[in-house]
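In: Generate coordinates for the sequence data below:
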Amino acid sequence: MTATVRWGVLGAAAIATGRTMPAMREAPSATLVALASRDPAKGRRVAQEFAIPRVHATYEALLADPEVDAVYVPLPNQLHFEWSLRALQAGKHVLCEKPLCISSEQVQRLCAARDRSGRHIEEAFAFRNHPQWAKLAGIIAAGTIGDVRAVHATLAKQFFDPADVRNQLEAGGGALYDLGSYAISACNLVFGRPPARVVAALERDPAFGIDRLSSALLDYGDRHAAFTVGTQAGSDAWGTHQQFSVLGSRGWLRMNFPFAHARPTACQIEVGDAGSVGAFPSATFSFEPANHYLLQVERFSRRLLGDAVPGWPIEDALDTMRTIEALFASARQGAWQDVASCTALPASAPAT
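Out: As a prediction, this is how the structure comes out:
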C-alpha cells in the first residue's frame, strides 16, 4: 500500500459526486484514482471534474485494478450486498453506503467474506465521525445526566419522486431502511447493544408500497428507545428534519442536528441537569460546521494505513438489520417481536 489509500468508486451516484468524492480529494490520507461507470459519457465527465486518472467501463474492471486499495459503494440499496461481496473477494477494502444490506442474511455473508479476505469493511454512516457524537459519549460516560433511561429520535423529509430509490419497494426503499437505520444505529450506539424486542406501527404509501411513516418502540430491558421516521413529512429543504434526545436518571441531553449534514452546519448539544425545568438547558456545547464525509474518508483511510483510529464493525449493521426485520414483522403481526428470534421476511411482504 502507498503512503495514501488509493480509492475507486463504483458508479457516479449523487451521494458520491456531491459528498464523498469531494471528500476524497480533500482527505490527506486518500487519493481518488479510479471510477467505474456504465455510462461512458457520464464517467468521462465526472472523471474530468474530479481529476480521476482512470475510468473503467465496468465495475468488474475496477475491482480488478491493482492500483485500487479501497472501494466506495454508493450504488442503489439492492446492489450493496453483491458489489461489497465482490469487492472483498477481489481483495479490496470496502466503504458501503447505508443500508449495508437489505437482509440480515446478507450481512452475515459479508461478515464471513470479510473474515476470509482479511479486508476491512464498514457501513458508511458518516454522522458517527462528527465530533458531537464523541462529546455525547463523554457526557454519558461522565455521569453528567445519570444513568441513561431512554432515547428518542425523529427523522423526516419529503420524498415524492417515483424514481428515487426511497420510493422503490423492491430496491429497499421506505422510511425504515433509509431513515430508521440512522435512528436504530444511534440508539444502539448509546446503549451499546441491540434491543431485545420491538413493536412498530407502519403506514404505507398506496402507490409506492413503501412505509412512508414508521414509529417504533425498542425495549432494551431496563431501558427504552422510541423513534418516528417519515419520507413524506417534515422538511422539504436541503436536509432532513432531525432530533435526538437522551433521558437520564438525573438530567437529559438534546442534539439539534445529530445525523446526516448534507451541508456542513453548526450544531449544538444542550444538556439539562437535575435542576433544569422544561426544555431549558443548564449547559450548551456548540460545534463549528464539520464535513463528516471528509472526516469519514480520512478516518477510514488512516485505519487502513495502520493508525489507531476508531472503526465500526459490520456486526453493528447486522444488529440494525435484524431490528428492521423485527419491526416489519411486528407491524405485520400487530404484536411485540423478539429481535433475536425473528424469522426474516422481505420488507415487501404483505401485512396480515
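
In: Not counting its neighbours along the chain, what's nearest His130?
Out: Distances taken as Cβ to Cβ, 6 or more residues apart in numbering put His292 closest to His130, at 4.4 Å, once the chain neighbours are dropped. Heads up, the C-betas are built off the backbone N, CA and C, glycines and all.

In: I'd guessed that neighbour sits against Phe125; true?
Out: No: if you go by Cβ atoms under 8 Å, His292 and Phe125 don't touch, sitting 9.4 Å apart.

In: which residues touch the residue nearest to His130?
Out: Residues near His292 by Cβ atoms under 8 Å, 6 or more residues apart in numbering: Ala126, Phe127, Asn129, His130, His261, Pro264.

In: One more: Ser276?
Out: Shown in contact with Ser276 (Cβ under 8 Å, 6+ apart): Gly251, Trp252, Ser282.

In: Against Asn77, how distant is the closest residue to Asp178 other than its chain neighbours?
Out: Leaving out its chain neighbours, the residue that sits closest to Asp178 by Cβ to Cβ, 6+ apart is Arg166, at 5.0 Å. Distance check for Arg166 against Asn77: by Cβ to Cβ, to the nearest Å, it reads 9 Å.

In: ranges for the helices of the chain?
Out: Using DSSP state H, the helices of the chain run over residues 14-15, 21-26, 40-50, 59-63, 80-89, 104-117, 131-141, 175, 181-191, 292-304, 315-333.

In: So for Val199, which of these sits nearest?
Out: helix 315-333 (5.0 Å; Cβ to Cβ).

In: name the helices or strands packed onto the closest one?
Out: Here helix 315-333 touches helix 104-117, helix 181-191, strand 197-204, strand 211-219, strand 337-338, going by 3 or more Cβ pairs under 8 Å, 6 or more residues apart in numbering; DSSP states H and E.

In: if you set the cut-off to 7 Å instead, what comes out?
Out: helix 104-117, helix 181-191, strand 197-204, strand 337-338 (3 or more Cβ pairs under 7 Å, 6 or more residues apart in numbering; DSSP states H and E).

In: how about that helix: buried residues?
Out: Using 16 or more other Cβ atoms under 10 Å as the test for burial, helix 315-333 gives 316-332.

In: residues making contact with it?
Out: Applying Cβ atoms under 7 Å, 6 or more residues apart in numbering, the contact partners of helix 315-333 are 99-101, 103-104, 107-108, 111, 123, 176-177, 180-181, 184-185, 188, 194-195, 198-202, 216, 336-337, 339, 342, 344-345, 347, 349, 351-352.

In: Buried only: go through the residues you listed for me.
Out: 99-101, 103-104, 107-108, 111, 123, 176-177, 180-181, 184-185, 188, 194-195, 198-200, 202, 216, 337, 339, 342, 344, 347.

In: The closest residue to Gln158 other than its chain neighbours and Phe159: what is the separation?
Out: Distances taken as Cβ to Cβ, 6+ apart put Asp236 closest to Gln158, at 4.3 Å, once the chain neighbours are dropped. For Asp236, the distance to Phe159 equals 9 Å [Cβ to Cβ].

In: which sections of the stretch 51-200 of the chain are below the confidence cut-off?
Out: Applying pLDDT under 70 to the stretch 51-200 of the chain flags no residue at all.

In: just to revisit the earlier point, ok, the contacts of His292 vs Val229, which is closest?
Out: Phe127 (14.6 Å).

In: can you give me the end-to-end distance of stretch 63-78?
Out: End-to-end distance of stretch 63-78 (Cα to Cα, to the nearest Å): 19 Å.

In: rewinding a little: closest to Phe287 out of the contacts of His292?
Out: Taking Cβ to Cβ as the measure, Phe287 lies nearest His130 of these, at 7.5 Å.

In: my read: the closest one touches Pro289, true?
Out: No: the criterion here is Cβ atoms under 7 Å, and His130 misses it with Pro289 at 10.3 Å.

In: what's the distance between the most centrally placed residue in the chain and Arg223?
Out: In the chain, the centroid-proximal residue (Cα atoms, centre = their mean) is Phe125; its distance is 3.4 Å. Distance of Phe125 to Arg223, given as Cβ to Cβ: 22 Å.

In: so where is the stretch 251-352 of the chain shaky, pLDDT-wise?
Out: Filtered on pLDDT under 70, the stretch 251-352 of the chain yields the residue ranges 343-352.

In: What lies in contact with stretch 233-243?
Out: 153-158, 213, 257-263.

In: Between strand 211-219 and the strand ranked longest in the chain, find me the angle.
Out: When the chain is parsed with DSSP state E, its longest strand is strand 224-235. Interaxial angle, strand 224-235 versus strand 211-219 (axes from the mean of the first three to the mean of the last three Cα atoms, to 10 degrees): 160 degrees.

In: closest to Ser84 out of the helices and strands packed on helix 315-333?
Out: Ser84 lies closest, by Cβ to Cβ, to one member of these: helix 104-117, at 5.9 Å.

In: quick one, which of His130 and Pro289 is more surrounded?
Out: Between His130 and Pro289, counting by other Cβ atoms under 10 Å, His130 is the more crowded of the two (24 against 10).

In: Rebuild the helices and strands packed on helix 315-333 as TSV, extending it with distance to Lys42.
Out: Shown next, in TSV, are these (distance: least, Cβ to Cβ, whole Å):
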stretch	distance to Lys42
helix 104-117	28
helix 181-191	28
strand 197-204	33
strand 337-338	43
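
In: Quick one: closest of these to Gln268.
Out: Closest to Gln268 of the helices and strands packed on helix 315-333, according to Cβ to Cβ: helix 181-191, at 16.6 Å.
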